[in-house]
Every structure is written in structure tokens, then in C-alpha cells.
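>>> predicted model follows, preceded by the sequence.
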Amino acid sequence: MTNLITGGCGHIGRAVAEYLLETGQQVVIVDLPGSHLGSLDGRVTFMPCDVSQMPEVLDVVKATRPEVIYHMGGLLNRVSEENPSRSFEVNVKGSLNVFEAARTHDVSRVFFASSRGVYGLGIGDEVDDRTLQRPETFYGCGKLYIENIGRWYRENRGVDVRSLRYPTILAPGVRTKGHWAPSMLDDAIKGRPHHAEFAAPEDNGVFLEISDAGRAAVELMSAPAVCVKEVNYNIAGMNEMTRADVLAAFLKEHFPGFSVTWRAETEPRVTTRRIDDSKAREEWNWQPKYHSLSTILERFQIVAGS
């Protein structure tokens, strides 16, 4: 089976590719010219493409004829806030291009990487798949719009679009600007003091380990259509939110010399305490492998030592 991954040189795209390769499937990586394949080099086919350009997307899909498209390409939150026009071109228009190319060239299944950023105003202690979606960021607005475009293609154009709302992804060695938890873990393991540039002690987050993120996408797209009822799913490794100071204390227990300094400014805090991904667990049997701080830390240490 041939699988096409847009944004395949990104962290989650690589994780999807690795899982597909482990299961003996063929992978075509689509990303901007000059992107680096890293450990995927020589194991996948690479095709340069800007998803915001419809002719390029059509050409790639026509040339590869994939059975499944994993649409991971897009701009992250901070870049989207700084450049909303470009975010719209890449995230929203780019997704429409992918859906339309799938329809044009008879690709029956498309995965879309959404985000818990589709939630925002007025959320309570627990967020489930039916919580009212009123995003506060341009990035979140785009993701929500694409979820609904995908549902429209599913119901009106015969393209089976499914999506996961990813939380904060924890990946060894990855230090994404604006994400505080991965860099804190990375510094603790490497024996470095940590300055929490993007976090105050009371900030909180819900986490998913990177290999679980890749596996979840493939498992969702492999699920029989009759099982996929919610279509756009919350996903988490740890359902309970973790405060930044709790993670810091956990790391100090395991690395006694570890120290953390915090940013001076504070902002309004997310009040949610739990992400409910029970629909994913019920409908297509989602089960995270890394479901606690201890299992995630063990995973980071294994990767760091390899």
C-alpha cells in the first residue's frame, strides 16, 4: 500500500512514516523543497511540493496514486499568529487543495492533523469531543474550519476524511518554540538547568508521546468505516492535565541536580483539567503506550541513549 504524507519531514509526519515502514508499507514524503528527511533518507520517496499551490498538489497525487493521504503539512501556532495570511494559505487553502486532489484522483481516505487548539472560550474542567469549539487563536480557527471542510467532503464528495486533535507532542530532542514541556524534559535528561521561557509554574498541558502520535493516525485510518462515527477525535496519552511545576518537581526527583527558572510574566491560564478521548478508545480501540510521566521519561531516556 502506498501512503502519501504531506509535511512528512515534520515531527509527527516522520512518526507516521516510521510506523508505516515498520508495517511494511510504502511511503511518499511530500514537503517543501530543501526539506531534510533525516533517518528516513533512502527509505522513502521524496517529492517537493507546497500544499498551498493546487497544481503542485494535483501533480503529486496524480503521480503517486496513494491509497491513503496523511495530511500533516501546515504552520504551527506561533507562526500563524505572526502571519495569519500565510497561515490561511498553507493551513486552510492547503487542506482544501489536498481534499480536492484526493477527490479528483480517487483517493478514498485522507487523514487530517487537527489540534486541541480548536477549543478555547468557555471550556470547563473537562473537554470531550462534543465540547463547544470556540478557538482563541488564528491557528485554532483554521483547524476548526478544516475539520468542518473535511466533514463536508466526507458527506458530499465521497472522501473519507478523519482527524485527530493532537495535544502537546513530546518528542526527544525537539524544542518547538512555544511548547514548554519537551524542552524541560530534554534539559533534565542532558543534565542542564532549564529556563522555562514559555511557561509559568501554573501553566498546564496535556501530553502525547511522538511515536504514539504517529501510531494513532495510522490506526485511525486503518479502522473499518463502520467504526468511525465521531470522525474528528480528541486524542491524548495522559488525559489529566499536568502543571509545569508538577513536571519540574517530577524531574527533580529523578535528576536531583536539575533546576528550573520561570518566566517573569504571567498570562490567563487554561482552566481545563482533563481531555476526554473516550470516543477514540470506544470506536477504534485507541490505547496509548506512553500514558504517564514515568513511561514518557523512560522513552526519552531510551532514545537519548540510543
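Nice, I can see it.
>>> list the residues that contact the closest residue to residue 290 other than its chain neighbours.
Distance criterion Cβ to Cβ, 6 or more residues apart in numbering; nearest residue to residue 290, sequence neighbours excluded, is residue 209 at 3.8 Å. C-beta here means a position set from N, CA and C on the backbone, and glycine is covered the same way. Contacts here follow Cβ atoms under 8 Å, 6 or more residues apart in numbering; on that basis residue 209 touches 169-171, 237, 288-290, 295-296, 299.
>>> give me that answer again for 6 Å
Taking Cβ atoms under 6 Å, 6 or more residues apart in numbering, we find residue 209 in contact with 170, 237, 290, 296, 299.
>>> state the distance from it to residue 228.
The span separating residue 209 from residue 228 equals 23 Å under the rule Cβ to Cβ, to the nearest Å.
>>> repeat for residue 99
When Cβ to Cβ is the yardstick, residue 99 and residue 228 sit 17 Å from each other.
>>> these two: who's more crowded?
More crowded of residue 99 and residue 228, by other Cβ atoms under 10 Å: residue 99, with 25 against 18.
>>> now the contacts of residue 209 in JSON lines, with neighbour count and distance to residue 30?
Compiled in JSON lines, those are given as follows (neighbours: other Cβ atoms under 10 Å; distance: Cβ to Cβ, whole Å):
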{"residue": "170", "neighbour count": "27", "distance to residue 30": "25"}
{"residue": "237", "neighbour count": "25", "distance to residue 30": "27"}
{"residue": "290", "neighbour count": "21", "distance to residue 30": "28"}
{"residue": "296", "neighbour count": "25", "distance to residue 30": "30"}
{"residue": "299", "neighbour count": "20", "distance to residue 30": "28"}
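>>> out of the residues you listed, the closest to residue 75 would be?
Set against residue 75, the nearest of these by Cβ to Cβ is residue 170 (20.6 Å).
>>> where does pLDDT dip in the protein?
Residues of the chain that meet the criterion pLDDT under 70 lie in 265-271, 305-306.
>>> domains in it, by residue range?
Taking automatic domain parsing as the domain assignment, the ranges for the chain are 2-168+209-234, 169-206+240-270+292-305.
>>> ok, which of those domains comes nearest residue 276?
domain 2-168+209-234 (3.8 Å).
>>> relative to the whole chain's centre, how far out is the closest one?
In terms of Cα atoms, centre = their mean, to the nearest Å, the centre of domain 2-168+209-234 is set 9 Å apart from its chain centre.
>>> in this structure, which helix is the longest?
Selection of the longest helix in the chain by residue count, based on DSSP state H, yields helix 138-156.
>>> give me the contact list for that one.
Surrounding helix 138-156, the residues in contact under the criterion Cβ under 6 Å, 6+ apart are 77, 80-81, 84, 87, 91-92, 95, 99, 112, 114-115, 117-118, 133, 135, 159, 161, 163, 232.
>>> try 8 Å
Taking Cβ under 8 Å, 6+ apart as the criterion, the residues outside helix 138-156 that touch it are 75-77, 80-81, 84, 87-88, 91-92, 95-96, 99, 102-103, 110, 112, 114-115, 117-120, 133, 135, 159-163, 165, 231-232.
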